[in-house]
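In: How does the following fold in three dimensions:
(4 chains)
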2 protein chains.
Amino acid sequence: MSRRSGILEFAVLGLLRESPMHGYELRKRLNTSLGVFRAFSYGSLYPCLKSLVAQGWLTEEPGSAPEDVRAASRAGRRAKIVYRLTAEGKEHFEELLSHTGPESWEDEHFAARFAFFGQTSRDVRMRVLEGRRSRLEERLERMRASLARSRERLDDYTLELQRHSMESVEREVRWLNELIESERTGRSRRDGSAPQHTSGDTGGRPRERGGSRTDPSDDTAK
Amino acid sequence: MSRRSGILEFAVLGLLRESPMHGYELRKRLNTSLGVFRAFSYGSLYPCLKSLVAQGWLTEEPGSAPEDVRAASRAGRRAKIVYRLTAEGKEHFEELLSHTGPESWEDEHFAARFAFFGQTSRDVRMRVLEGRRSRLEERLERMRASLARSRERLDDYTLELQRHSMESVEREVRWLNELIESERTGRSRRDGSAPQHTSGDTGGRPRERGGSRTDPSDDTAK
DNA sequence: TTCGTCATGTAATGGGTTACATGATTAC
DNA sequence: GTAATCATGTAACCCATTACATGACGAA
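Out: Here you go, the predicted structure:
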């Protein structure tokens, strides 16, 4: 029930794969590190977490940090809840990662997929990138057609808006071209020779930078 | 009730201000001419039209085209329904046009506002453009901060995604700068002496070939 | 006469937000 | 001791989509 769907679920699993976290922090990561893709509210995050627990993909544990332990020892206290991916959850996430459907190239899905390319096998990355590209090319085609058809009767602003949008899409296509090229030659374009894990199974998880608990400037700042 | 809200309502009123139309055509315009901003489905359009009628901003009339007249003369036929803006509707739209709140600079609202700049007074245009710009600059600021804070622990793909997003936002800011400048000097950039936008132009975009009236590619092409 | 497109609609559902309610911890 | 921020949740609502249902019109 209530398949708190697609992208949020996916992102949550993906983030928890890297390390266990509690809800609040999860949301911050959703909005900043992985940022750019839409800011989710607690109103969607917590129910989503509940449902993932219910499906056996996550476990809820009381936080183990000193203050949580203290808190737990006293009566009736609500400690942080740390969510951890279960084995089944991990498996499920791999499955999601390897599945490429036509939704994968839609704007929001694509960003989410891309954000976890680090854990994605090369051929899936290729499919997603190419799918996205042809999606955008279609869109471009339609925009050109509609523009050609109605250029005369549109005012300057509308025209300018369309021009700018098309330019943005064209830019993204060029970006994808570069990425696809990099994938093909096997090189990541901005450090010399970073070894990429090719398999679905990530060998080296990005090093856990445990330290500073400070971390200001989180919120959506709506 | 059911305030089929904001952007759809706004766009519908704006399009009908230019000329009366029936629902089907309205949707096409929403998705193409005004395109780019999200494709609405009939499931939202028709109820929205109903509600606008209920509020006295639109009237429903049977279509006046020959085939509609013929249709109407026979019994029990459903003819096209042409929607026309009422005086109150026009007034209401003007009001919406002149109102600038903080929602006006959000992505979707902004596109809709911009699309009707042709009917918007210069000072409102200015406010909207400048509001949008500072909105984006905030966003940029946050992105930079979050990037600086966490550069080390992010993998290449996440980094690349953020870099690309930031670049897009920066581009939009430059675009807004140009537009604001044009507004200030009172010139529409691209007639007269066409000083050409400075931005990265595609080397030779394929020039649109001729006028085949075949008109494919209307629908969302999901 | 059938197929594609024009044309209008509704019910169920989805996926999310806002606003609210609650309380702990930290910094000053 | 009080304000800010950390932290967790829920209920009511919102806006839109999907899938469905209906039917006309033109062309092959």
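
In: C-alpha only now, for contacts and for neighbours.
Out: OK.

In: and the residue of chain A positioned farthest from its centre, helix, strand or coil?
Out: Largest separation from the mean C-alpha position in chain A: residue A:152, at 41.0 Å (C-alpha atoms, centre = their mean). The three-state label given to residue A:152 by DSSP: H, G, I helix; E, B strand; the rest coil is coil.

In: Now do the SS call for the residue most central in space within chain A.
Out: To find the centre residue of chain A, average its C-alpha atoms and take the closest one (C-alpha atoms, centre = their mean): that gives residue A:112, at 2.7 Å. Classification of residue A:112 by three-state DSSP places it in helix.

In: Double-check it against residue A:12; I have them as touching.
Out: No. If you go by C-alpha atoms under 8 Å, residue A:112 and residue A:12 don't touch, sitting 10.4 Å apart.

In: what's the following helix or strand after the lowest-mean-pLDDT helix or strand in chain A?
Out: Across the helices and strands of chain A, the lowest-confidence element by mean pLDDT, DSSP states H and E is helix A:66-73, at a mean of 49. Using DSSP states H and E, the helix or strand that directly follows helix A:66-73 along the chain is strand A:81-85.

In: Report the mean per-residue pLDDT for that following strand.
Out: Averaged over strand A:81-85, pLDDT sits at 95.

In: Tell me how many other residues crowd residue A:124.
Out: Look at residue A:124: counted by other C-alpha atoms under 10 Å in any protein chain shown, it has 16 neighbours.

In: And it, which helix or strand is it part of?
Out: With DSSP H and E as the criterion, the answer for residue A:124 is helix A:122-150.

In: Going by neighbour count, list what's buried in that helix.
Out: A:122, A:124-133, A:135-136, A:139-140, A:142-147, A:149 (16 or more other C-alpha atoms under 10 Å in any protein chain shown).

In: With stretch A:90-103 instead?
Out: Of the residues in stretch A:90-103, those buried by neighbour count under the rule 16+ other C-alpha under 10 Å are A:90, A:93-94, A:97-98, A:100.

In: Need the contact partners of that stretch.
Out: Under the criterion C-alpha atoms under 8 Å, 6 or more residues apart in numbering or on different chains, residues A:10, A:13-14, A:17, A:57, A:109, A:113, A:120-121, A:124, A:127-128, A:131, A:200 lie in contact with stretch A:90-103.

In: which of the buried residues of stretch A:90-103 sit farthest apart?
Out: Considering C-alpha to C-alpha, no two members of the buried residues of stretch A:90-103 lie farther apart than A:90 and A:100, which are separated by 17.6 Å.

In: Now do the domain split for chain A, please.
Out: Per automatic domain parsing, the structural domains of chain A span A:6-100, A:121-185.

In: any chance of these in JSON lines, with distance to residue B:85 too?
Out: Output for the domains of chain A, formatted as JSON lines (distance: least, C-alpha to C-alpha, whole Å):
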{"stretch": "domain A:6-100", "distance to residue B:85": "35"}
{"stretch": "domain A:121-185", "distance to residue B:85": "20"}
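
In: Return the member of those having the minimum mean pLDDT.
Out: Lowest mean pLDDT of the domains of chain A: domain A:6-100, a mean of 84.

In: close to DNA strand D, is it?
Out: Yes. Domain A:6-100 reaches DNA strand D (C-alpha under 7 Å from any atom of the strand) through A:22-25, A:42-44, A:46-47, A:79-82.

In: restrict the buried residues of helix A:122-150 to those near chain B?
Out: A:142-147, A:149 (C-alpha under 8 Å from any C-alpha of the partner chain).

In: Let me have those residues in CSV, extended by distance to residue A:38.
Out: Listed next are these as CSV, based on distance: C-alpha to C-alpha, whole Å:
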residue, distance to residue A:38
A:142, 26
A:143, 25
A:144, 28
A:145, 30
A:146, 29
A:147, 30
A:149, 34
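
In: out of those residues, who's nearest residue B:174?
Out: Top of the list for closeness to residue B:174, among these and by C-alpha to C-alpha, is residue A:143 at 22.7 Å.

In: any idea how far that closest one is from residue A:159?
Out: 11 Å (C-alpha to C-alpha, to the nearest Å).

In: Look at residue A:170 and tell me its secondary structure.
Out: Three states are possible here, and by three-state DSSP the one that applies to residue A:170 is helix.

In: That one and residue B:163: what is the separation?
Out: Using C-alpha to C-alpha, which is the criterion applied here, residue A:170 is 17 Å from residue B:163.

In: The two: which is more packed in?
Out: It is residue A:170, of residue A:170 and residue B:163, that has more neighbours when counted by other C-alpha under 10 Å, with 19 against 14.

In: quick one: contacts for that one?
Out: Here residue A:170 is in contact with residue A:140 (C-alpha under 8 Å, 6+ apart).

In: again, only this time at 7 Å
Out: Taking C-alpha atoms under 7 Å, 6 or more residues apart in numbering or on different chains as the criterion, residue A:170 is in contact with no other residue.

In: can you check residue A:53 too?
Out: Residue A:53 touches residue A:59, counting by C-alpha under 7 Å, 6+ apart.

In: which element is it on?
Out: Using DSSP H and E, residue A:53 sits within helix A:42-54.

In: Remind me what the helix or strand that comes right after that helix packs against, helices and strands.
Out: Moving toward the C-terminus from helix A:42-54, the first helix or strand encountered (DSSP H and E) is strand A:58-62. Using 3 or more C-alpha pairs under 7 Å, 6 or more residues apart in numbering or on different chains; DSSP states H and E as the contact criterion, the elements in contact with strand A:58-62 are strand A:81-85.
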